[in-house]
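Enquirer: my questions concern the predicted model and sequence given below.
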Amino acid sequence: MSHLINNFGFLFAPGIVRYLVLIWCTGIATGFALLFAHGAKPNLQVPSANCWPCDVEIERPKDVSTLLFFVHPQCPCTFASLAELERVVAQPDISLQIIVILDCPTEKLDEWLQTTVAKRAKGISNARILVDSDGQLASKFRASVSGQCLLYSPNGKLVFQGGLTASRGHEGESFGQALLIQMLSLRAPTELESRQPQEVPVYGCELVLSHSSSIPPAPCCKGN
Amino acid sequence: MNAPLQKRDLVSIRRSKIVENDLLQSRKTTDGYFAALMLLQLFLLIAEALIISPLAWNGTQGRVHIHVWSALGLGSLIGLLPVVFALHFPGQRLTRHIIAGSQMLFSALLIHFSGGRIETHFHIFASLALLAFYCDYQVLLTAAIVISIDHLARGYLWPQSIYGVLAASPWRSLEHAAWVAIEVAVLVIATNSNLKNMERIATRESELELINLDFEREVDAKTAELAAANRDLLSFNTALQIAKDEAESSNRSKSEFLANMSHEIRTPMTAILGFTDLLLDDRNFQDEPEKRIHAVQTIQRNGSFLLEIINDILDLSKIESGKLEIESVCNSPIAAIEAVLSVMRVRCIEKGIALETIFETPMPENVLTDPTRLRQILLNLVGNAVKFTEIGSVKIVGRFVDGEQKQLEFDVVDTGLGMTEGQRLRLFKPFTQADTSTTRNFGGTGLGLTISKRLANMMGGDVCIVESSPGIGTSFRATIEVGFLNGTAMIDPSKIRFGEILTAPQSMPKQSTEALKDYRILLAEDGPDNQRLISFVLKKAGASVTVVENGQLAVDAAMKALEDSTPFHLILMDMQMPVLDGYGATALLRAKDYGGIVIALTAHAMESDRNKCIQAGCDGYSTKPIEKNELFRQIKYYCDSTVQKLPIEKRRCK
């Protein structure tokens, strides 16, 4: 024991060196804490459209659920979300329409559609890619964060909204992903719709929106 | 008390030092590498943040992503302190522990930035491997502790950032920790192995150093020995040079001596040969008796001087060659002075100067010394004093010094010429007199004082000048050590009497034509001139002389005369003759039981020559050139009927 104390005696080094080392350790601990805190802090979400909006010109199948995945092409955190989306898509026995919406400003459309994130998004298998100029679609669905998923039942009811990562920019299992997979595994649409809509945090950049999120959502499309 | 260190201890101490130094150097180098690595990692981290997540977006508004700020802020915080420590405190324990912690924090940050990608965990293993360069298992422990804390904390609070799953099993953390522990264990083993290798190398190095040290010491010792030998050699060379100089000086002295001797011999020889030529060739000398007598006297005087020179040279030669023996016999010091007075008195009377003797202390009746050499010293000193004194007196002051050493001390004080300081300094050198005119005016060989001084030295004393002043006189002092005889009488100075000899001149020996009357003498001599001279002298003294020219004839003649009942009273035997020399002839005679007197007659004047003659069987010994009166005295002594009857060994003339 005394040997160990002697060996690590530098921890009790006198004078300025001791304080310097202590300050250094404290600074590093603080830095890591801030970093972790930021990583674990979700974005504020506004309530999304509970039903499929009528003024959206997106064809929605009547027999399968539709998953909308909003992407900010410049957001590095979304890279992890896309990876998790791929894992979801890769699940067997899932019937689903996947629509990846690339939210871009009109004036920078070409530039933004060439980013790594955009390219990765375009690579999602069986996904339909839509470009959302100036966030018009996002606004209509009241989506606000990149990486946000909205799952609508075949009847147009919002059954899930949230992110697929457990923290900012970190791949891996998450509660949202697990919940989404579970819901998609339900065979009967009625069973899906009978559940309460689920909401989980989203970690990502804020999307480009055409109008303020405080505007009330568009009315549900009765035809659905 | 400290015991001397054994070789093993020295190796151990040195090995520790070497390992310590090597480790320090290695750790300083590793610190440097890590400092560079830290900067590189920081740069890559920032680059990664800028490439992957440069901006965070709020709609169309982009702002710098927190990862970029983290890379800049947190990355710098993690990376720069180790760089500062590596630059300012290289090799120190704290530095490498900070580096270990930083490296692990970099791993944590990298893992976080990569979103928990499992590939980024390899950074930990690579970092641990790099930290093994420190060869310090504690550093590995520090790194392991830091990364373990990170994993445990994040595994508990935010497992996705580490494992990529929402809820990691505790076993997952354990598994990660186990892998880290395994690598740390492997690295610790490798580190220890590396340390042991270093110690082995250091042991060899220290042993080599010790051997080198011993070798250097040996070289130093040998060098010192060589230096000492060199010094000895130089010293020897110096001694040799001194000896050479002395030898050369001696050689020069010898040459000088020979030159002086040649000069001293040639001077009287010139007079002898010159006047002899005149006597032979110049009619005036033949017709005028006065001139002839004067010439003959000159020849005699120079001949005597020549003999004196030869005797002095022989004495000096004997002294210098160490062949002169000093006797120690019982004799009277007063008698020695009496003998000197008896010789010098006549000359003093002739010159009209007084010769006085004073004894300041009671004198022992007898002492142990060499009377002949004592007499020689005194004769020389008194003779010089008389020679250089024209007016006044010569005084002999005797005293007996009864101290720790018994000494006889004689001052010879004259009122003669005296000497300057420079003359005094040259005085005791051979062939040197006060000045060059001295020889011309007063004669003398210049050897007397040298011989006297050497003799006195050999007798434990000295001869020195007490004082001398030009025109006033000189005082010499002769000191000799004597053996004091217990019970010998001390004679009061007032009671010392020299009888008549001090006042009455000794009568000159009369030339008697009948001194050797009726003596039958056999003269064995090969030189015709000496045959004529000696036989003439002997016959003139009344002897009947038979002359033979070699030893064999002498033996034959002696034995025949013995057979004819007319034996010779005495045989004068030259020792160097053809056919049979004197030694052989005498020995042959003694072998034939010839009991007659045999007196050796030889030009060899050394003491050893005298002994050789006696050993051959001679009764007496007389040197050439013959001194007529002395020869007559010896002949008369031996021809005395009393002596003739004595056994050979008891009839030797003193």
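Expert: Perfect, thanks for sending it. Model, not experiment: these values are computed from the prediction. Numbering: from 1, shown residues only, chains lettered A, B, ... in the order given.
Enquirer: top strand in chain A by residue count?
Expert: Taking DSSP state E as the criterion, chain A has its longest strand at strand A:96-104.
Enquirer: how far does it sit from its chain's centre?
Expert: 12 Å (Cα atoms, centre = their mean, to the nearest Å).
Enquirer: what do you get for stretch A:80-100?
Expert: 13 Å.
Enquirer: try stretch B:556-563
Expert: Using Cα atoms, centre = their mean, the offset of stretch B:556-563 from its chain centre is 63 Å.
Enquirer: next, the buried residues of that stretch.
Expert: Judged by neighbour count (16 or more other Cβ atoms under 10 Å in any protein chain shown), stretch B:556-563 contains these buried residues: B:557-558, B:561-562. For glycine as for every other residue, the C-beta is placed from the backbone atoms N, C-alpha and C.
Enquirer: returning to that earlier point: partners of the longest strand of chain A, with directions?
Expert: Paired neighbours of strand A:96-104 in the sheet (DSSP bridges): strand A:65-71 (parallel), strand A:127-133 (parallel).
Enquirer: need the winner for burial among those strands.
Expert: strand A:65-71 (a mean of 26; mean count of other Cβ atoms under 10 Å in any protein chain shown).
Enquirer: tell me which residues are up against that strand.
Expert: A:52, A:60, A:78, A:81-82, A:85, A:95-103, A:117-118, A:121, A:124, A:127, A:132, A:138, A:141, A:143, A:145-154, A:159, A:180, A:184, A:189, A:192, A:207 (Cβ atoms under 8 Å, 6 or more residues apart in numbering or on different chains).
Enquirer: narrow the residues you listed to just the buried residues.
Expert: Counted by 16+ other Cβ under 10 Å, these give A:52, A:60, A:78, A:81-82, A:85, A:96-103, A:117-118, A:121, A:124, A:127, A:132, A:138, A:141, A:143, A:145-154, A:159, A:180, A:184, A:189, A:192, A:207 as buried.
Enquirer: from the buried residues of stretch B:556-563, which is closest to chain A?
Expert: Of all the buried residues of stretch B:556-563, residue B:558 has the smallest distance to chain A: 122.0 Å, by Cβ to the nearest Cβ.
Enquirer: isn't the closest one right up against residue B:522?
Expert: Yes: Residue B:558 sits in contact with residue B:522 when judged by Cβ atoms under 8 Å, with a separation of 6.0 Å.
Enquirer: from the contacts of strand A:65-71, which land in strands?
Expert: Those of the contacts of strand A:65-71 lying in strands (DSSP E): A:96-103, A:127, A:132, A:149-152, A:159.
Enquirer: go through those residues and name the one with the lowest pLDDT.
Expert: Among the ones in strands among the contacts of strand A:65-71, residue A:96 carries the lowest pLDDT, at 86.
Enquirer: contacting residues for it?
Expert: A:64-67, A:89, A:184.
Enquirer: now render these as JSON lines, adding pLDDT.
Expert: JSON lines is the format used below for these (pLDDT from 0 to 100):
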{"residue": "A:64", "pLDDT": "86"}
{"residue": "A:65", "pLDDT": "89"}
{"residue": "A:66", "pLDDT": "91"}
{"residue": "A:67", "pLDDT": "93"}
{"residue": "A:89", "pLDDT": "87"}
{"residue": "A:184", "pLDDT": "85"}
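Enquirer: and which of those is nearest to residue A:175?
Expert: Closest to residue A:175 out of these is residue A:184 (15.0 Å), distances taken as Cβ to Cβ.
Enquirer: sorry, back to before: so what sits against both of residue B:558 and residue B:522?
Expert: By Cβ under 8 Å, 6+ apart, the residues touching both residue B:558 and residue B:522 are B:568, B:571.
Enquirer: for chain B, see how far away the residue nearest the centre of chain A is.
Expert: By Cα atoms, centre = their mean, chain A has its centre lying nearest to residue A:147, at 2.7 Å. Plainly put, residue A:147 is 12 Å away from chain B if you go by Cβ to the nearest Cβ, to the nearest Å.
Enquirer: wait, that residue touches residue A:204, no?
Expert: Yes: using Cβ under 8 Å, residue A:147 makes contact with residue A:204 at a distance of 3.8 Å.
Enquirer: what's the overlap in contacts for the two?
Expert: Joint contacts of residue A:147 and residue A:204 (Cβ under 8 Å, 6+ apart) are A:75, A:77-78, A:81, A:163.
Enquirer: isn't residue B:348 right next to residue B:354, touching?
Expert: Yes: between residue B:348 and residue B:354 there is a contact under Cβ under 8 Å: 7.0 Å.
Enquirer: how about residue B:139, what does it touch?
Expert: Residue B:139 touches B:96-97, B:99-100, B:131, counting by Cβ under 8 Å, 6+ apart.
Enquirer: cool, and residue B:462?
Expert: B:453, B:456, B:478-479.
Enquirer: 6 Å - rerun?
Expert: By Cβ atoms under 6 Å, 6 or more residues apart in numbering or on different chains, residue B:462 lies in contact with B:456, B:479.
Enquirer: could you report the pLDDT at it?
Expert: pLDDT at residue B:462 comes out at 92.
Enquirer: partners of it in the sheet?
Expert: According to DSSP bridges, beta-bridge pairing links residue B:462 with residue B:479.
Enquirer: near chain A, which residues of chain B? Just list them.
Expert: Residues of chain B lying close to chain A (Cβ under 6 Å from any Cβ of the partner chain) are B:52-53, B:56-60, B:66, B:70, B:74, B:77-78, B:81, B:93-94, B:115-116, B:138, B:158, B:160, B:164-166.
Enquirer: got a PyMOL select line for the buried ones in the residues you listed?
Expert: Burial among the residues of chain B next to chain A is assessed by 16+ other Cβ under 10 Å; the matching PyMOL selection reads:
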select buried, chain B and resi 52+53+56+57+59+60+66+70+74+77+78+81+93+94+115+116+138+158+160+164+165+166
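Enquirer: between the contacts of residue B:139, which is closest to chain A?
Expert: Scanning the contacts of residue B:139 for proximity to chain A, where the rule is Cβ to the nearest Cβ, the winner is residue B:97, at 6.0 Å.
Enquirer: count of neighbours near that closest one?
Expert: 26 (other Cβ atoms under 10 Å in any protein chain shown).
Enquirer: swap in residue A:48?
Expert: So residue A:48, with other Cβ under 10 Å, has 24 neighbours.
Enquirer: checking my notes, it in a helix, right?
Expert: No: Residue A:48: not assigned to a helix; according to DSSP: H, G, I helix; E, B strand; the rest coil it is coil.
Enquirer: look up phi and psi at it.
Expert: phi -80, psi 170 (degrees, to the nearest 10).
Enquirer: same check, this time on residue B:58
Expert: Dihedral angles (degrees, to the nearest 10) for residue B:58: phi -120, psi 90.
Enquirer: run through the bridge partners of it.
Expert: residue A:206, residue B:61.
Enquirer: still on that earlier bit, which pair of the contacts of residue B:139 spans the longest distance?
Expert: Farthest pair in the contacts of residue B:139, by Cβ to Cβ: B:97 and B:131, 10.0 Å.
Enquirer: the nearest residue to residue B:121 once chain neighbours are set aside: which element?
Expert: Nearest residue to residue B:121 in three dimensions, chain neighbours excluded: residue B:111, at 6.5 Å (Cβ to Cβ, 6 or more residues apart in numbering or on different chains). Here residue B:111 sits within helix B:93-113, counting by DSSP states H and E.
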